[in-house]
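Peer 1: what's the 3D shape of this:
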Amino acid sequence: MKYIFIINGRADKATQYKEFYDQLKDFPHNFDIYTTMGEGDATRYVRLYCDLHPDEEACFVACGGNGIINGVASGLVGYATSSEQAAKLASNKTMAILYFGGATEDFIVNFPGRNFRSVKDMLAGTVTPIDIIQVNDSYCLNVLNLGFNSKVASRANELVAKGKSAHEAYTRGVINAILTSRYNRIKILVDGKRIAPGPMVLCTVANGRRVGGEFNCSPNSKVDDGLMDVCYFRAMSLLRLLMLIPLYRSGQHVGSKPGKNRVLYRQAREVKIISKDLIDMYIDGEQLPGANFDITILPKALPLRLPKLAE
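Peer 2: A predicted model of the protein is given here:
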């Protein structure tokens, strides 16, 4: 087995990897370290490596936050475009995660009791196939969102880039979205049927449970059940929205009294999003502009090496 550690090459991330390099001093296996050179580079590198070494047993270790994690996962799943490649992927290519840095820990909270900062625990773990969402030609490992949530993410990303904490950035992003993004005219079809007529506040399509570091948008999601969880907020009064936001943060919005007839929840295998205007979707925190999105779940398409459970 060869391990390929993929780290973020951004200059401001360098200090976050001291702990990582310290743990590699006694690493007992053959390994390489690849430092990304820009946006999308992790995905391109993983696909190229798989093309050049189809028979090699390798584990790609995403070292960083949500962006690197998504990039490595997208590279692996995007490589397996044929049944032959998919079989190769299942037999000799896997992914692991070492979480160092990043604004939020949204994806790894789906696996409680596991230490994603330990190389030793990663080596002692086991491979578990999990689902991944395909969005047109892109992939989503955790949560994609649009409408109100996209406005929140856009503003939060701006503030995080300026040095604000994730908590402060998302709180201020929510305030901004309340003022500017409560009526979004976007058509959403869930397994072929429109979820609701009229304008909406927000919609999330989730494989995981949490977004934005603290919003438990889909508390019942499971990453290996072969289904996406769709949460849709119909347009509503400002007062009702203000009552729902704390419940949305704690994961109690579905079935709540303030959410009656306004918060809709579905599970799906296919979702289609149609907009007359260009809109921004956020996939695992990264912006994807467009007007039409075809979204499908790929069951157990990603072989993920999970760290051993804590004793």
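Peer 1: count the residues that sit near Leu304.
Peer 2: 22 (other CB atoms under 10 Å). The way it works is simple: take the backbone N, C-alpha and C, and place the C-beta from them, glycine included.
Peer 1: from now on call the first residue 52
Peer 2: Taking 52 as the first residue, the last one we looked at is Leu355.
Peer 1: please name the residues that touch it.
Peer 2: With contact set as CB atoms under 8 Å, 6 or more residues apart in numbering, Leu355 has these partners: Thr145, Met146, Ala147, Ile148, Val178, Thr179, Pro180, Ile181.
Peer 1: nearest to Glu70 among the residues you listed?
Peer 2: Nearest to Glu70, judged by CB to CB, of the contacts of Leu355 is Ile148 at 14.5 Å.
Peer 1: in the sheet, who's paired with the closest one?
Peer 2: Ala113 (DSSP bridges).
Peer 1: again, but for Pro180
Peer 2: For Pro180, the beta-bridge partners are Pro354 (DSSP bridges).
Peer 1: just to revisit the earlier point, can you say which two of the contacts of Leu355 are spatially most distant?
Peer 2: Maximum distance among these (CB to CB): 14.9 Å, for Ile148 and Pro180.
Peer 1: these two: who's more crowded?
Peer 2: Neighbour count, other CB under 10 Å: between Ile148 and Pro180, Ile148 has more, with 26 against 15.
Peer 1: residues contacting that one?
Peer 2: By CB under 8 Å, 6+ apart, the contact list for Ile148 reads Val112, Ala113, Ile120, Phe158, Ile159, Phe167, Met173, Leu355.
Peer 1: any idea of the pLDDT on it?
Peer 2: Ile148 is assigned a predicted lDDT (pLDDT) of 95.
Peer 1: what ranges do the helices span in the protein?
Peer 2: Counting by DSSP state H, one finds helices in the chain at the ranges 69-74, 92-103, 117-130, 134-143, 170-174, 199-212, 217-231, 289-301.
Peer 1: look up how far Gln318 lies from Glu90.
Peer 2: Glu90 is 32 Å from Gln318, where distance means CB to CB, to the nearest Å.
Peer 1: same thing with Ile55?
Peer 2: Distance of Ile55 to Gln318, given as CB to CB: 35 Å.
Peer 1: the more surrounded of the two?
Peer 2: Ile55 (20 against 15).
Peer 1: thinking that one is in contact with Cys110, fair?
Peer 2: Yes - Ile55 is in contact with Cys110 according to CB atoms under 8 Å; the separation is 7.2 Å.
Peer 1: OK, contacts around Phe56?
Peer 2: Residues in contact with Phe56 (CB under 8 Å, 6+ apart) are Phe71, Leu75, Phe82, Asp83, Ile84, Tyr85, Val112, Cys114, Leu149.
Peer 1: now do 7 Å
Peer 2: Phe82, Ile84, Val112, Cys114 (CB atoms under 7 Å, 6 or more residues apart in numbering).
Peer 1: mind checking pLDDT for Lys53?
Peer 2: Reported pLDDT at Lys53 in the predicted model: 95.
Peer 1: report the contact partners of it.
Peer 2: By CB under 7 Å, 6+ apart, the residues touching Lys53 are Asn81, Phe82, Glu107, Glu108, Ala109.
Peer 1: name the nearest residue to Val88, sequence neighbours excluded.
Peer 2: I think there's a mix-up here, since residue 88 is Met and not Val. Distance criterion CB to CB, 6 or more residues apart in numbering; nearest residue to Met88, sequence neighbours excluded, is Gly60 at 5.5 Å.
Peer 1: repeat that for Arg261.
Peer 2: That would be Asp157: by CB to CB, 6+ apart, it lies 4.8 Å from Arg261.
Peer 1: phi and psi next, for that neighbour.
Peer 2: Per-residue torsions, Asp157: phi -60, psi -40 (degrees, to the nearest 10).
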